[in-house]
Every structure is written in C-alpha cells, then in structure tokens.
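Asks: Dropping the sequence and predicted coords here.
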Amino acid sequence: MTILNRLYTSSGAEAIVETLQINIGDEVIYLSKGYRDITATTENGNTVTFPAYAIDIALPARNSDGTQDLKFAICNINGAVSTAIRNAGDAGHSASLIYRNYVSTDLSAPASPPYTLDIKSGYWTATEAQITAGYMNVLDTAWPRYRYTLPNFPGLRYI
C-alpha cells in the first residue's frame, strides 16, 4: 500500500498539501492551501515556494458527462486576484492552472500526477474570487470541426 493510499484511508502524521500554479500570460502565481508556506519540487525538478493562501479547491468529478471542472475560491480581500484577472483580460492573455498535491512529509515530488487545466470562467466580489478551470469540453465541440456551409460551398444547395 502506498503512502498516498494510506493517507486517503486512515489518519496519521501526514497531510495532503494542495497547491495551485496559475499562469496568466507571462506571470506565474504559486499558491498553497493552508497556513504555512511550503517549498516543494515540481514534476520538472524545479524547486518552488508556494505561499500559504486562503483558498478552497473542489476537484473535477470522475464521471462521463464530458465536463470535468476544477473550481476554486480564493481570498480577494487585498484585491490582488481581481486586479490580476482584470489585467489579463485587458491584455488579452489566456490563463491556465496546474493543480498539484503533495504529502506533507515528502515535498520532493507531487504525490500524484498534476492536473493541467485552462481557466474557463470566474467572477469576483470584494472578498473572494470564484474561478472555474477545466479540460476541453468534448460535448460542446462540433464535429467535423470544419463545417461545409452554403457561404463556403454554394454547390451544396443543389445536392
């Protein structure tokens, strides 16, 4: 039994440490859920400090409905989150995030493979920001991607 499986099934001295890496254009923001900053090694071998922040994370559901979204709420008391979102929107930058979880006793690598997701939507108030990130939504994707329509192919009218 691996330490992560034991951690999910019973209590012990270890704890799961959840982290987010938010990429907005060229800016990278690291966050850790909890009360203490952690310094951990990513899957690429980079050592990164994740500052403690007031966040709450809801992982994507494992189901077959085609929309697997990670949702998180983050403290916006100082306005830093809404400012970063507003600046990214004004500059036209796309945003993505990487979710990693670590075992508190072993910060040398993520405990499981990280999720890499695109930020889809969100809103903020004076006290918090609610953000949704997810994989590509397969159910709302047209197939074939290139549509044969009358403006592009007028001969279709006579078939």
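Replies: Looks like it arrived, so ask away.
Asks: which residues does Ala61 contact?
Replies: Listed by C-beta atoms under 8 Å, 6 or more residues apart in numbering, the contact partners of Ala61 are Gln68. (Glycine included, C-beta is placed from N, CA and C.)
Asks: for this protein, what spans make up the strands?
Replies: 16-24, 27-33, 38-41, 47-50, 52-53, 55-58, 69-75, 95-103, 115-124, 128-134 (DSSP state E).
Asks: From Asn76, how far off is the residue positioned nearest the centre of the chain?
Replies: Nearest to the geometric centre of the chain sits Leu97, at 3.9 Å (C-alpha atoms, centre = their mean). Applying C-beta to C-beta, to the nearest Å, the value for Leu97 to Asn76 is 16 Å.
Asks: measure Ala142 to Tyr148 for me?
Replies: 12 Å.
Asks: before we move on, what about Gln130?
Replies: 40 Å.
Asks: go on, Phe50?
Replies: As judged by C-beta to C-beta, Phe50 and Tyr148 stand 49 Å apart.
Asks: Show me which of the two is the more surrounded one.
Replies: Phe50 (25 against 9; other C-beta atoms under 10 Å).
Asks: So what's the residue count around the closest residue to that one other than its chain neighbours?
Replies: Among residues not flanking Phe50 along the chain, Ser32 sits closest, at 3.6 Å (C-beta to C-beta, 6 or more residues apart in numbering). Neighbour count of Ser32, defined by other C-beta under 10 Å: 23.
Asks: CA atoms of the biggest helix by length in the chain as PDB?
Replies: In the chain, assigned by DSSP state H, the helix with the most residues is helix 80-91. The C-alpha trace of helix 80-91 is given here as PDB (Å, rounded to 0.1, in the frame of the first residue of the first chain):
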ATOM      1  CA  ALA A  80      -4.700  41.200  -5.900                       C
ATOM      2  CA  VAL A  81      -6.800  38.500  -7.500                       C
ATOM      3  CA  SER A  82      -9.300  40.700  -9.200                       C
ATOM      4  CA  THR A  83      -6.500  43.000 -10.400                       C
ATOM      5  CA  ALA A  84      -4.600  40.100 -11.900                       C
ATOM      6  CA  ILE A  85      -7.800  38.800 -13.700                       C
ATOM      7  CA  ARG A  86      -8.700  42.300 -14.900                       C
ATOM      8  CA  ASN A  87      -5.200  42.900 -16.200                       C
ATOM      9  CA  ALA A  88      -5.100  39.600 -18.000                       C
ATOM     10  CA  GLY A  89      -8.500  40.300 -19.600                       C
ATOM     11  CA  ASP A  90      -7.400  43.800 -20.700                       C
ATOM     12  CA  ALA A  91      -4.200  42.400 -22.300                       C
END
